[in-house]
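**Student:** Give me a 3D structure for the following:
(chains A, B, C and D)
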There are 2 protein chains.
Amino acid sequence: MKISSTIEWAIHCCSLLAGLPPEVNLTGKDLAEYHGVPHPYLAKALQTLSSDGILMTVSGPRGGYKLAKKPSKVSLLDIVLSIEGSDSCFDCDEIRQKGPGALERSASYKKPCLIASAMWKAEKVWRDELDKVKLSDLLEKVKTEVDPRQLKKGADWIAQRTQSKK
Amino acid sequence: MKISSTIEWAIHCCSLLAGLPPEVNLTGKDLAEYHGVPHPYLAKALQTLSSDGILMTVSGPRGGYKLAKKPSKVSLLDIVLSIEGSDSCFDCDEIRQKGPGALERSASYKKPCLIASAMWKAEKVWRDELDKVKLSDLLEKVKTEVDPRQLKKGADWIAQRTQSKK
DNA sequence: CCAATTGCAGATAAATTTTATCCATGATAG
DNA sequence: CTATCATGGATAAAATTTATCTGCAATTGG
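**Tutor:** So this is what the prediction gives:
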């Protein structure tokens, strides 16, 4: 029941991009370097985000990634589902239909398994909670909660990166 | 982000045991057979549940497992955490402290990462939801929602199992 | 048009986790 | 004292996650 670290990287990348001016983009390599994670693997995640319409790509020299929507239109759930896929995390194997207690005709099982229902309900509240949090909410909090020196350092590094390529 | 099928088995086993009279116990083999799952592997889960105080074991001939607490005192969360461990499903790797935007002294990072906080909050509502559902709630619903023929068939099989060993 | 940069898709491989099995041991009812 | 049953440890197979590489397509700037 572990959430893969790719999710963590993907959210960090998206929220970084959300804070940049709309004309700026960063390459996959920049994003990997910025976060200290392996580039080729992160690239996979970025490609997925882009094919799901969360990121936009600009190819060619001075290309890279930028956010495809307004930060207020992208929730953490969007990112999580893009990377992990939207399948439920609980698979009901219908084991109630398997043992000696089971009835022959599976048509007898109209209502979903009670246990599965409970697990799915819990997953729903989890997803709803993640859907409430938009990238714009994170940006807002960053302004008030994150050390300004850190913000400056990050911004400088990005500025230098985008400048030096001109 | 998949929930292992062991969880599903464990919950089914516990809710089956919850419906039996207090003096009755079922062996690991019975439980495996009843649910149509591999015995040696299920045994591991039953052992874990028992070492976590959710199940009681009776060793020796005519031994087996029974519920260690009243059904109203065991929640789905108890079972899930017993099997999966209680670690959070989201690991914060503190990647904000890794890239070129990071500050040198990690003491500067007093508040938890905003992204991790959001993920943990979502996990909390998930857990709270699962903790609301007790085995007694499932039993209650089983009475009204499950086909009586199925209940009878299961009960008969169990009765035959527990009888034939006398 | 050319050359360099960048994302894309697919194949592949290493590492880790999940799933599964087996066996020796200890407890206990009959 | 014997058959039954849980326990704990070791082991192995299977699946998934993590990671890398390579050739290709698109695009920009010269």
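**Student:** Count the residues that sit near A:Asp128.
**Tutor:** 12 (other CB atoms under 10 Å in any protein chain shown). For every residue, glycine as well, the C-beta is placed using N, CA and C.
**Student:** tell me the SS of it?
**Tutor:** helix (DSSP: H, G, I helix; E, B strand; the rest coil).
**Student:** Find the residue at the geometric middle of chain A.
**Tutor:** A:Ile79 (2.3 Å; CA atoms, centre = their mean).
**Student:** residues contacting that one?
**Tutor:** Contact partners of A:Ile79, counting by CB atoms under 8 Å, 6 or more residues apart in numbering or on different chains, are A:Ile7, A:Ala10, A:Ile11, A:Cys14, A:Leu49, A:Ile54.
**Student:** just for chain A, where's the confidence low?
**Tutor:** Within chain A, the stretches with pLDDT under 70 are A:106-107, A:164-166.
**Student:** Show me the helices in it, by range?
**Tutor:** A:5-18, A:28-35, A:39-51, A:76-84, A:114-132, A:135-145, A:148-164 (DSSP state H).
**Student:** any chance of those in TSV, with distance to B:Ser117 too?
**Tutor:** Below are the helices of chain A laid out as TSV (distance: least, CB to CB, whole Å):
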stretch	distance to B:Ser117
helix A:5-18	12
helix A:28-35	18
helix A:39-51	21
helix A:76-84	11
helix A:114-132	12
helix A:135-145	9
helix A:148-164	16
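**Student:** wait, which of those helices is closest to A:Ser108?
**Tutor:** When the helices of chain A are ranked by distance to A:Ser108, counting by CB to CB, first place goes to helix A:114-132 at 14.8 Å.
**Student:** Touching the closest one from outside, list them.
**Tutor:** Contacts for helix A:114-132 (CB under 8 Å, 6+ apart): A:75-78, A:80, A:88-90, A:92, A:112, B:3, B:8, B:11-12, B:15, B:76, B:118-119, B:121-123, B:125-126, B:129-130, B:133, B:138, B:141-142, B:145-146.
**Student:** List only buried entries from the residues you listed.
**Tutor:** Among those, those scoring as buried are A:75-78, A:80, A:88-90, A:92, B:3, B:8, B:11-12, B:15, B:76, B:118-119, B:122-123, B:125-126, B:129-130, B:133, B:138, B:142, B:146 (criterion: 16 or more other CB atoms under 10 Å in any protein chain shown).
**Student:** residues in chain A within reach of DNA strand D, list them.
**Tutor:** Residues of chain A found near DNA strand D (CB under 7 Å from any atom of the strand) are A:2, A:4-6, A:37-41, A:43-44, A:58-63.
**Student:** Of the residues you listed, select the buried ones using a PyMOL command.
**Tutor:** A single PyMOL command selects the buried members of the residues of chain A next to DNA strand D (16+ other CB under 10 Å):
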select buried, chain A and resi 6+37+43
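**Student:** Tell me how far A:Trp9 lies from A:Ser59.
**Tutor:** Using CB to CB, to the nearest Å, A:Trp9 is found at 21 Å from A:Ser59.
**Student:** Tell me who's in contact with A:Leu26.
**Tutor:** So A:Leu26 contacts A:Leu16, A:Leu17, A:Leu20, A:Tyr34, A:Gly64, A:Tyr65, A:Lys66, A:Ile158, A:Arg161, A:Thr162 (CB under 8 Å, 6+ apart).
**Student:** Quick check: PyMOL command selecting the buried ones in those residues.
**Tutor:** To isolate the buried members of the contacts of A:Leu26 in PyMOL, using 16+ other CB under 10 Å:
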select buried, chain A and resi 16+17+34+64+65+66+158+161+162
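**Student:** on that earlier part again, closest to B:Asn25 out of the helices of chain A?
**Tutor:** In terms of CB to CB, the element of the helices of chain A nearest to B:Asn25 is helix A:114-132, at 21.3 Å.
**Student:** ok, the closest residue to A:Tyr109 other than its chain neighbours to DNA strand D distance?
**Tutor:** Spatial nearest neighbour of A:Tyr109, chain neighbours left out: A:Gln97 (6.0 Å); criterion: CB to CB, 6 or more residues apart in numbering or on different chains. Using CB to the nearest atom of the strand, to the nearest Å, A:Gln97 is found at 21 Å from DNA strand D.
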